Structures are given as structure tokens and as C-alpha cells.
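Trainee: take this sequence and fold it.
(one chain, ligands or ions: 3)
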Amino acid sequence: MLPMEQALERLLSQVQPLGLTESVSTPLALGRILAQDLVSPLDVPPYDNSAMDGYAVRMAGLQGAGASNADATALLPVSQRVPAGSVPTALLPGTAARIFTGATVPEGADTILMQEQCEAVADAAGGLGHVRVPLAVPQGQHIRRRGEDLQRGQTILSAGARLNAAALGLAATAGAAELTVARRPRVALFSTGDELVLPGQPLGPGQIYNSNRTTLHALLLALGCEVRDLGIVPDTLDATRAALREAARNSDLILSSGGVSVGEEDHLKPALEREGRLDLWQIAIKPGKPLAFGEVHHADAPQGRCFYMGLPGNPVSSFVTFLLFVRPVLLRLQGATQLAPRGYQLPAEFTWTKADKRREFLRGRVTDQGGLALFGNQSSGVMSSAAWADGLIELPPGATVQPGQLLRFLPFNDLF
Ligand SMILES: Nc1nc2c(c(=O)[nH]1)N[C@H]1C(S)=C(S)[C@@H](COP(=O)(O)OP(=O)(O)OC[C@H]3O[C@@H](n4cnc5c(N)ncnc54)[C@H](O)[C@@H]3O)O[C@H]1N2
Ligand code: MOO
Ligand SMILES: [Mg+2]
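Mentor: Ligands and ions are numbered 1, 2, ... in the order given. Sure, this is the predicted structure:
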């Protein structure tokens with residue numbers, strides 16, 4: 001059995017970024033990989049602006065001898081009104097400007113006073129009136145400075161970054177209406193198994209619903225792929241070979257589940273040997289020992305060949321092996337820089353006595369106390385464990401666990 005790190009290294013050494021890009025509207029770039037550094041063409045904020053509704057004053061000219069007195073105030077005429085989106089004139093000396101949150105601070109003003117700390121005094125003749133302002137305040141308060149967030153020319157997102165909602169918001173802050181991202185990998189997906197029935201159909205004796213198709217399809221979408229679903233392929237050599245040929249057409253990756261173990265009903269190995277090239281590995285992880293990798297040769301495939309990855313049929317095994325092996329391949333195809341999930345050390349709140357020589361990925365949850373809890377049934381056929389969990393708990397080969405022991409946790413939030 002291959003250690004996981006070695007398998008991953010061997011796999012990724014055969015994968016190169018597709019190098020194809022497209023421009024997409026910024027909000028629709030969610031989950032995609034940025035293809036070019038994004039440089040801010042402007043300072044953000046673009047001008048000094050008020051953080052409060054209140055008054056702008058030139059405190060430098062007001063804070064005289066009495067300003068150290070906490071009760072000191074000054075009565076100032078209000079010389080202009082500055083709502084957000086307007087362009088103020090320079091502040092007349094000895095006056096205050098009525099100002100609102102987000103509005104440009106007038107030239108000459110150096111401090112904003114919250115209106116709650118001021119007293120507006122109406123003039124008999126109408127007009128903007130006067131305002132009594134406190135003087136014992138820090139000069140410069142409540143002003144958001146030009147460029148305090150981003151500076152013109154600054155790289156704000158790097159090529160290879162995976163774009164989440166916050167990153168897209170940052171891009172929009174700098175005025176980006178479109179982003180250049182890696183083109184979606186085109187993935188052909190099929191499931192093998194004569195026992196499988198599509199959800200929505202009646203279930204006969206000896207049959208189960210095809211769940212991997214849905215799990216894998218959803219994971220592929222979350223990772224930015226364009227999915228072509230070829231459905232269920234019967235457990236025969238001819239049908240499997242035909243499925244591989246069809247899947248290779250215009251695909252960057254073929255992904256299948258089931259049929260990669262050693263039984264004579266497992267046809268992927270002989271089918272792939274005839275249609276291309278196969279690497280079948282026994283990887284020292286649990287769940288997910290068998291993993292097939294290789295390529296299908298076909299005239300209609302990009303460059304005459306197409307990557308192939310075959311995941312084990314057990315639903316949790318196929319889910320976990322997708323996250324550990326297919327995910328980094330898809331990210332690499334899109335030129336992502338960060339392929340490995342970060343992982344966090346958290347204390348176990350459980351005991352685990354059955355040491356296994358394979359590295360294990362248990363389905364677990366973070367408790368309210370910040371520890372790790374386990375789903376009761378860790379069988380590779382029990383999808384409830386994956387749906388209950390919010391991440392994978394990694395156990396090194398041969399490990400047993402006592403409560404309080406620190407374990408590596410891979411949150412699903414970081415994985416899909
Ligand atoms: N003699 C041995 N038998 C098995 C070994 C072994 O080393 N020696 N390994 C076991 C392990 S570990 C795994 S994992 C599985 C891998 O099996 P296959 O990839 O060949 O998958 P199948 O045999 O087709 O199916 C396994 C299991 O999963 C169910 N299944 C398959 N596809 C789906 C689907 N799309 N949706 C839901 N469930 C699915 C299928 O009904 C089987 O129960 O091999 C072990 N055997
Ligand atoms: O590897 Mo199998 O995935 O242990 O069930
Ligand atoms: Mg099998």
C-alpha cells in the first residue's frame with residue numbers, strides 16, 4: 001500500500017494547469033481560480049470621508065488654551081451641508097460643515113464630531129444655523145483616510161487564488177466588473193453498478209439508489225467544474241469501455257465511482273488497460289483504499305488523451321477520496337496555488353482504541369467546547385456520517401486516541 005503523501009505526489013506530478021482563461025462577471029466568479037494578479041487602479045477609499053453623521057471642523061484652529069477642559073465647547077456657524085456623493089467646498093475658517101457618513105471631508109477640516117455630542121442651534125433667519133461642538137476630542141477622529149484600505153498599484157488578489165465572496169467584494173471595491181479566471185475543467189462523470197437506480201425511480205429487490213452520482217456532481221460544481229453526467233454504466237467490460245470512450249470526448253477529466261476493487265465484477269481495470277493506460281493503487285488510507293488513475297486515449301479528447309480517476313464505490317470512500325485526491329487535481333488544472341487544505345489542531349472529545357495501519361479520515365464535528373466529536377458509525381457505506389459531520393478528523397497510521405489529544409481537523413468549509 002502506498003502512503004498517502006507519496007500517492008498524492010505521484011498523481012500531481014502528472015497534472016499540469018490547463019492554462020485556459022475566460023473573463024466572467026465578478027459575482028459569478030464565486031469558487032473560481034483567479035488567472036491574473038488583480039491590481040487596484042485606485043486608492044480605496046478614494047478620498048478622506050466621514051465615518052459618522054455629524055459635523056466636520058478644523059480642530060487645529062479651535063483647540064486653544066481651554067481645550068484641555070473636558071467641558072470646553074465652541075459655537076460655530078454651519079457653513080455648508082455635505083451629503084454622501086456630493087463635492088464639498090473648502091471649509092471656511094471658524095465654521096462647521098454638516099456632514100453625513102461616507103461624505104467627502106471638506107478641505108481644511110481635520111476632525112468629525114458625532115451629532116450626538118453636538119447641539120444644533122437654529123437661526124431665526126433660517127439657513128443652516130449654528131452648532132455647539134465639544135473641543136476635548138482627539139484631532140482627526142472619525143475620518144476614514146484615502147487609501148487606508150487599498151493603495152493604487154497594490155496587488156490585492158494574486159493569480160491562483162480561489163475566489164470566495166469576500167475576495168469578490170474586495171475586487172468590486174477596486175472597481176473590477178469582470179475577472180479573468182481559469183476556464184472550468186470539463187469533467188465527465190459516470191457511476192458503475194448493476195444494483196444502482198436513479199433517485200425518483202422505484203427501487204426493486206437487490207437495488208439501491210445511486211448516491212455517488214449526486215455527491216460527486218455537487219462536489220464538482222463546488223470546485224468550479226463543468227459536469228457532463230453519463231449516468232449509470234452496467235457492470236460489463238464492453239459497457240465500461242464504451243463509457244470511457246464516450247467520456248473522453250472533449251473532457252479534461254473522467255471521473256467514475258465503483259468497480260475499482262479486485263472482484264470479477266470490477267471492470268474498470270481491464271477496460272482502462274484497453275482504452276488507455278492504468279495506474280491502480282492501494283493507498284494506505286481508510287476509507288478509500290483502492291484508487292485508479294490513468295488516461296484514456298481518444299481522438300476527440302484534448303491532445304488525444306484525457307485524465308481518468310476512478311474512485312471506490314462505497315459512498316463515504318468516494319466522498320473522502322474525492323476530497324483528498326480529486327480536489328487537488330481539479331485545483332491544479334485551474335492553476336490554483338493552494339492545493340492542500342490548511343487543517344487545524346483540535347482536542348479529541350472521544351476515545352479511539354482500534355489502531356489501523358492505514359491513515360484514517362473519520363467523520364467528525366467541532367463541539368461547542370471547541371473539541372472534536374465523532375459520528376458513531378464510521379463504516380464506509382454510511383453516508384449519514386458525512387452529512388452529520390462538518391469535517392474530517394485525521395488519524396496518523398497506527399494511532400489510538402485519548403480525550404484531550406490534539407488531532408488534525410480538516411473542515412469541509414475549506415474543502416468544498
Ligand atoms: N476482496 C476484497 N474486496 C474488497 C476490497 C479488498 O481489498 N478486497 N476492498 C474493499 C474496499 S476498502 C472498497 S472501498 C470497495 C471498493 O469497491 P469498488 O470500487 O469495486 O466498488 P463496487 O464494488 O462497485 O461498490 C462497492 C460498494 O459501494 C456501493 N456503491 C457503488 N456505487 C455506488 C453509487 N453510485 N451509489 C451508492 N452506492 C454505491 C456498492 O453497492 C457496494 O456496496 O471494495 C471492497 N471490497
Ligand atoms: O477503502 Mo474502503 O474505502 O475502506 O471502504
Ligand atoms: Mg467492487
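Trainee: CA only for contacts and neighbour counts going forward, please
Mentor: Will do.
Trainee: give me the residue at the spatial middle of the protein.
Mentor: The centre of the chain sits closest to Asn164, judged by CA atoms, centre = their mean, with a distance of 4.7 Å.
Trainee: any idea how far Ala222 is from that one?
Mentor: 11 Å (CA to CA, to the nearest Å).
Trainee: what touches both of these two?
Mentor: Common neighbours of Asn164 and Ala222, using CA atoms under 8 Å, 6 or more residues apart in numbering, are Gly31.
Trainee: can you list the weak-confidence ranges in the stretch 301-416 of the chain?
Mentor: Applying pLDDT under 70 to the stretch 301-416 of the chain flags no residue at all.
Trainee: name the nearest residue to the residue of it found nearest ligand 3, sequence neighbours excluded.
Mentor: Distance from ligand 3 to each residue of the stretch 301-416 of the chain (CA to the ion) is smallest for Gly313, at 6.9 Å. By the measure of CA to CA, 6 or more residues apart in numbering, the closest residue to Gly313 outside its immediate chain neighbours is Gly258, 3.5 Å from it.
Trainee: show the pLDDT at Leu62.
Mentor: Listed pLDDT for Leu62 reads 89.
Trainee: neighbours around the residue of the stretch 301-416 of the chain closest to ligand 3, how many?
Mentor: If you count neighbours by other CA atoms under 10 Å, Gly313 ends up with 24.
Trainee: in contact with it, which residues?
Mentor: Asn212, Ser257, Gly258, Gly259, Val260.
Trainee: which one (most neighbours) among those?
Mentor: Within the contacts of Gly313, neighbour counts (other CA under 10 Å) peak at Ser257, which reaches 27 neighbours.
Trainee: quick check: what element follows the helix or strand hosting Glu9 along the chain?
Mentor: According to DSSP states H and E, Glu9 maps onto helix 4-12. The helix or strand immediately downstream of helix 4-12 is strand 21-25, counting by DSSP H and E.
Trainee: quick one: strands adjacent to the helix or strand following that following strand?
Mentor: Downstream of strand 21-25, the first helix or strand assigned by DSSP H and E is strand 38-39. With DSSP bridges as the test, strand 38-39 is paired with strand 155-157 (antiparallel).
Trainee: list the buried ones in the partner strand?
Mentor: Neighbour-count burial for strand 155-157, with 16 or more other CA atoms under 10 Å as criterion, is recorded at Ile156, Leu157.
Trainee: same question for stretch 206-215.
Mentor: Buried residues in stretch 206-215 (16+ other CA under 10 Å): Ile208, Asn210, Ser211, Asn212, Arg213, Thr215.
Trainee: what's the domain layout of this protein?
Mentor: As given by automatic domain parsing, the domain ranges for the chain are 4-18+184-333, 21-46+151-182, 50-144, 344-411.
Trainee: check the secondary structure at the residue of the stretch 201-350 of the chain at minimum distance from ligand 2 for me.
Mentor: Residue nearest to ligand 2 within the stretch 201-350 of the chain: Gly288 (3.1 Å; CA to the nearest ligand atom). State at Gly288, reduced to three classes by DSSP: H, G, I helix; E, B strand; the rest coil: coil.
Trainee: the residue nearest to it when sequence neighbours are not counted in helix, strand or coil?
Mentor: Distance criterion CA to CA, 6+ apart; nearest residue to Gly288, sequence neighbours excluded, is Ser317 at 4.4 Å. Assigned by three-state DSSP, the conformation of Ser317 is helix.
Trainee: likewise for Ala74?
Mentor: Classified using three-state DSSP, Ala74 is strand.
Trainee: name all residues that make contact with it.
Mentor: Ala74 touches Leu62, Arg132, Val133, Pro134, Leu135, counting by CA under 8 Å, 6+ apart.
Trainee: what is it paired to in the beta sheet?
Mentor: Val133.
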